[in-house]
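A.B. asks: This is the structure alone, sequence omitted:
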């Protein structure tokens, strides 16, 4: 691996580790101080900290499935995504900062939730955002990291497209 490749890989690992540590520390605090299915109001009419468990994927997809294949499927998808991200970072000769940061946030978020799946068979969620009776599905730092990673990937593709169109 070239020096530039090592630097990219190191950046991926550092960003991902910050996400993983923040994710696991916040989940530890939630499970320690908030009983399961309980919550604490943080911003009245907008946000609570709750202790929720999600056996499914993002936004509770597959959560109602009782199949043991669900857990195996979600574990395999997570591992495959992590392997793909490492391959992309190592194999890419030219990777811009937006793509690298986006993939790093994805790596950290996927790993944070994978740790939960391996430890508990489900993911710990704790941020409950709502307006009136509309509640966004509870989420965690890893989920937020996946959203931030998506934003960076959009920036990468938008800026890449504008560069190739000559509109930058």
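C.D. replies: Happy to help now that I have it. All values derive from a computational prediction rather than experimental measurement.

A.B. asks: For the rest of this, base every contact and every neighbour count on C-alpha atoms.
C.D. replies: Will do.

A.B. asks: Which helix runs longest in the chain?
C.D. replies: Using DSSP state H, we find that the single longest helix of the chain is helix 3-33.

A.B. asks: What helices and strands are in contact with that helix?
C.D. replies: Packed against helix 3-33, as judged by 3 or more CA pairs under 8 Å, 6 or more residues apart in numbering; DSSP states H and E, are the following elements: strand 47-54, helix 68-91, helix 97-120, strand 123-131, helix 141-165.

A.B. asks: now that helix against helix 68-91, angle please.
C.D. replies: Counting by axes from the mean of the first three to the mean of the last three CA atoms, to 10 degrees, helix 3-33 lies at 150 degrees to helix 68-91.

A.B. asks: Show me what counts as buried in the helix or strand following helix 3-33.
C.D. replies: Per DSSP states H and E, the first helix or strand lying C-terminal to helix 3-33 is strand 39-43. Residues residue 39 are the ones in strand 39-43 that count as buried (16 or more other CA atoms under 10 Å).

A.B. asks: what residue ranges in the protein score low on pLDDT?
C.D. replies: Within the chain, the stretches with pLDDT under 70 are 1, 56-67, 162-168.
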